[in-house]
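# predicted coordinates and the sequence they were generated for:
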Amino acid sequence: MKRQTQSLMLLILGGALLNISVFSGTYVNYVKPGFRPLLIGAGAVLVGLALVAFVRQWRNHSEPAHDNGQGHGHDHGHGHGPRVAWLLAVPVFAIVLVAPPALGSFAAGSEDDAPAPRPPTPVAYRQLSDSVPELALGEFIGRAYDPAGTSLAGRQVKLTGFVVPSKKKNRWYVTRMQISCCAADALALKVAVQGVPAPRENSWVQVTGEWIPWKGKIPNGYVIPDMSATDVTKIDQPAEPYE
């Protein structure tokens, strides 16, 4: 790969990072919102390095060639870097050309598998308001497993997520991906929905309904909580698709 090409790839990659983090909000499809300053910084550094490289190459081309005694001068502008430098093209193509969307039903899995190896750790939850509160899926699941009380019992709540089909009849999942750092460590949070037909797979919805209490005591292992829905509204993907 020629040095000019390497510099161009750095410029494109840096520009792509700045584009998704400064001029649009698509960076949240890859990382948590708190990483935005780091992406902006990384993009600015790459663009800066590329511009410095271009300036150095221009100066080298502008310098007169010196005779080295063998009838020709040194060519400073056509050096070749290692071929591995072409790997810089991979993230460029991924970000600029492909632009992957936020993780959806394919990543969550269509199987009726549990998204966590064990029940969530109990925490102290706030008292629910008198209206129909909107809960994060993680909070809904945590409240369903809360041994301290039955804060969900008989309460209408709203959940937001995308649709994942189920192999079991007359049910589907409202799902949200939870990330700690980036999309690579995403975990699918699912609540099984009953009582209403499943909307189109991977579409975003807001579901209103009630938690279906466990039959008996709280399960020892992880079991996806169930919800009896009374209303489903199709919505656009939220600005922040992950929890």
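Perfect, I can see it now. Numbering: from 1, shown residues only.
# for the longest helix seen in the chain, packing partners?
Longest helix in the chain, counting residues (DSSP state H): helix 36-62. Taking 3 or more C-beta pairs under 8 Å, 6 or more residues apart in numbering; DSSP states H and E as the contact definition, the neighbouring helices and strands of helix 36-62 are helix 3-21. Every C-beta, even on glycine, is put in place using the N, C-alpha and C of the backbone.
# could you list the buried residues of the helix it packs on?
Counting neighbours by 16 or more other C-beta atoms under 10 Å, one finds that the buried residues in helix 3-21 are 3, 6-18, 20-21.
# now it and helix 36-62, what's the angle there?
Helix 3-21 runs at 160 degrees relative to helix 36-62, counting by axes from the mean of the first three to the mean of the last three C-alpha atoms, to 10 degrees.
# could you tell me how far helix 3-21 lies from the centre of the chain?
Using C-alpha atoms, centre = their mean, to the nearest Å, the mean C-alpha position of helix 3-21 is found 22 Å from that of the whole chain.
# mind giving me the packing neighbours of that helix?
For helix 3-21, the packing partners by 3+ C-beta pairs under 8 Å, 6+ apart are helix 36-62, helix 89-92.
# domain parsing for the chain?
Per automatic domain parsing, the domain ranges recorded for the chain read 3-98, 105-234.
# how about low-confidence regions in this protein?
1-2, 25, 28, 63-107, 109-122, 148-149, 183-185 (pLDDT under 70).
# related to what we said a few turns ago, tell me which of the helices and strands packed on helix 3-21 lies nearest to Pro219.
Nearest to Pro219 among those is helix 36-62; the distance by C-beta to C-beta comes to 38.6 Å.
# buried residues in that closest one?
By 16+ other C-beta under 10 Å, the buried positions in helix 36-62 come out as 36, 39-40, 42-43, 46-47, 50, 53-54, 57.
# quick one: contacts for Leu128?
Listed by C-beta atoms under 8 Å, 6 or more residues apart in numbering, the contact partners of Leu128 are 151, 155, 157.
# what separates it from Ile224, distance-wise?
21 Å (C-beta to C-beta, to the nearest Å).
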